[in-house]
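K.L.:
only geometry, no sequence info:
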């Protein structure tokens, strides 16, 4: 399955929705969205992952890149991630660097 990414900037919050599979073949597409978001200096990055069914190590690298690109002052929220994605985040220890939530409220 391909990856669909939507991006919206609202009230200083970069909102990115990921749907499908995040693997090496589409990691560059996600990187471009991250760069676009970072260029708008958000106060928060919110990644909606409830429809992301798979995340390869390339996807994890892009999340690490997002954390670095956004900088220390920007919190990253991962919303609604399915168990396989959460497991990948936990195995890498990256879950300690972001906020994992089931839902997101402004």
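P.N.:
Okay, I see it. Keep in mind the model is a prediction, meaning the values are calculated, not measured.
K.L.:
all strands of the protein, in order?
P.N.:
Using DSSP state E, the strands of the chain run over 3-10, 13-22, 44-55, 75-79, 99-101.
K.L.:
could those strands go into TSV alongside mean pLDDT, mean neighbour count and distance to residue 65?
P.N.:
C-betas here are computed from N, CA, C, even on glycine. Listed next are the strands of the chain as TSV, based on pLDDT from 0 to 100; neighbours: other Cβ atoms under 10 Å; distance: least, Cβ to Cβ, whole Å:
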stretch	mean pLDDT	mean neighbour count	distance to residue 65
strand 3-10	96	14	15
strand 13-22	97	20	12
strand 44-55	96	19	12
strand 75-79	97	18	11
strand 99-101	97	15	18
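K.L.:
ok, which of these comes nearest residue 69?
P.N.:
With distances scored as Cβ to Cβ, the stretch of the strands of the chain nearest to residue 69 is strand 44-55 (9.3 Å).
K.L.:
list the helices and strands the closest one packs on?
P.N.:
Counting contacts by 3 or more Cβ pairs under 8 Å, 6 or more residues apart in numbering; DSSP states H and E, strand 44-55 packs against strand 13-22, helix 57-70, strand 75-79, helix 83-92.
K.L.:
from residue 10, how far out is the nearest residue to residue 89 once chain neighbours are set aside?
P.N.:
Leaving aside its chain neighbours, residue 89 sits nearest to residue 95 (4.3 Å; criterion: Cβ to Cβ, 6 or more residues apart in numbering). Separation of residue 95 from residue 10 (Cβ to Cβ, to the nearest Å): 25 Å.
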